[in-house]
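Novice: Compute the structure for the input listed below.
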Amino acid sequence: MKIFKKILLIIMVFIIICTIFVSFDRKVLSINIQSNLRKPIKVGVVIHSFTPYMSLIRQNLEEIEKESDGNVKFTFWDSDNNEAKQSEIIDKLLLEENVDLILLNLVNLKEDVIKTIIDKIKQNEIPVILFFYLKPANMDAIKQYDKAFVVGLDFNEAGKLQGEILVDEWNLNKEAIDKNKDNILQYVMLTGPRSNEMSEKITQSSILAINNAGIQTEEIASPNANWKREIAKQAIESLYLRYNGKIEAIIASFDDMALGAVDALQQYGYNKGDKTKMIPVIGVSGLPEVKEYIKKGFMTGSVETDPRVLAKALYTVGMNLVYGREPLDGTDYKLNSENSIKFNFEKYP
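Specialist: Down below sits the predicted model:
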């Protein structure tokens, strides 16, 4: 029995010593990485396209740069929603720009494309954060690289909240909304590019939430407005004339398209603040102009995630990766999976 206790004590001491050495090695590695890094830390921010919401992310990152006392320098790259152009930008960042970190908003979310990009970045041992949408199946390549991380949003949730806003509006003002009195909500869905899974998730989830509330729906049209206000305006102008009196709601998978819809409706005397001449319009992002439109009664609602919060997360997690720390070191963020955190949407108003 005494021999067994001695053996057990030796094992425990060995485990404690190993733990101390591992912890010490990690601290030394972090210190060595920090001492070898130049200032400012160079961060390449690659955007799929500079929509108004992405511009807000940029503004908030620029504010972080100003407040960093020269510790970080962001450079911004617009992919113009073009996969080939985005690939060229990434090559340039890796081979010419000598960046310390890449923040990447992908044009193409297919698994093989993600794997190719991650493998390329991994060969150069540069930390990378992908944002904002990845489905679980696309996480495999990211999990293979310990310097890759995801800051994500749940766009299924965005669509669900959109649907709930419209359900509430229908229940409150059904007499005004249901113009033909057929007890069916006839709607137009303004979408992003057909290949964009983020837009798909929003559109599918919004209608599912409405149907789950017991409201029948009928889609009149679902034009691709490519995230653009002017394209959305033109689409609704045309559809209004074609279906005069039949459009009862407009759902947009992005706020800029919702603003375009309001621009078009106002030309026909709708959505100017008179509740008796109001076609519900719902968006996603919570842009400042949209919030003003909602306050004035021009728009019904939107769903949002604060761009300041997202920019801070990108910066904080990014710096942790650059300095060899754990991704969530010094934060209150919660892991959604091994290599990702997720931020939630909220209804506005």
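Novice: For residue 70, see how far away residue 219 is.
Specialist: To residue 70, residue 219 is 53 Å away according to Cβ to Cβ, to the nearest Å. Every residue, glycine included, has its C-beta placed from N, CA and C.
Novice: more crowded one of these two?
Specialist: Neighbours per residue (other Cβ atoms under 10 Å) separate residue 219 from residue 70, with residue 219 holding more: 13 against 10.
Novice: Over to the more buried one. Which of the three states is it?
Specialist: strand (DSSP: H, G, I helix; E, B strand; the rest coil).
Novice: Return the residues in contact with it.
Specialist: Counting by Cβ atoms under 8 Å, 6 or more residues apart in numbering, residue 219 makes contact with 187-189, 207.
Novice: Which of those has the largest number of neighbours?
Specialist: Most surrounded of these: other Cβ under 10 Å gives residue 188, at 25 neighbours.
Novice: Wait, a strand at that residue?
Specialist: Yes. The assignment for residue 188, made by three-state DSSP, places it in a strand.
Novice: end to end, how far does stretch 279-289 reach?
Specialist: Stretch 279-289 has an end-to-end distance of 18 Å (Cα to Cα, to the nearest Å).
Novice: Please identify the buried residues of that stretch?
Specialist: 279-287 (16 or more other Cβ atoms under 10 Å).
Novice: So what's the gap between that stretch and the chain middle?
Specialist: Computed by Cα atoms, centre = their mean, to the nearest Å, the chain-centroid distance of stretch 279-289 equals 16 Å.
Novice: Which parts of the stretch 1-150 of the chain are helices?
Specialist: Using DSSP state H, counting those that start in this stretch, the helices of the stretch 1-150 of the chain run over 2-36, 52-67, 83-92, 111-123, 140-143.
Novice: in the last one, what counts as buried?
Specialist: Put plainly, it is helix 140-143. Under the neighbour-count criterion of 16+ other Cβ under 10 Å, helix 140-143 has 141-142 buried.
Novice: What's the mean pLDDT across it?
Specialist: Helix 140-143 shows a mean pLDDT of 88.
Novice: Show me what that helix is in contact with.
Specialist: So helix 140-143 is contacted by 111, 114-115, 118-119, 130, 134, 148-150, 338-340 (Cβ under 8 Å, 6+ apart).
Novice: Check the helices of the stretch 1-150 of the chain for me: which has the lowest mean pLDDT.
Specialist: Among these, helix 2-36 carries the lowest mean pLDDT (a mean of 47).
Novice: I'd say residue 263 and residue 233 touch.
Specialist: Yes. In this structure residue 263 lies within contact range of residue 233 using Cβ atoms under 8 Å: 4.6 Å.
Novice: higher neighbour count, the two?
Specialist: Neighbour tally, residue 263 and residue 233, criterion other Cβ under 10 Å: the higher count belongs to residue 233, 21 against 18.
Novice: secondary structure element for that one?
Specialist: Assigned by DSSP states H and E, residue 233 belongs to helix 229-242.
Novice: Check which element follows that helix along the chain.
Specialist: strand 249-252.
Novice: Residues contacting the helix or strand that that next one is followed by, please?
Specialist: Following strand 249-252 in sequence order, the next helix or strand is helix 255-267 (DSSP H and E). Applying Cβ under 8 Å, 6+ apart, the contact partners of helix 255-267 are 51-53, 188, 190, 192, 225, 227-237, 240, 250, 252, 271-272, 279, 281-287, 289-290, 293, 298-299, 302.
Novice: Tell me what angle helix 255-267 forms with helix 52-67.
Specialist: Angle, helix 255-267 to helix 52-67, by axes from the mean of the first three to the mean of the last three Cα atoms, to 10 degrees: 130 degrees.
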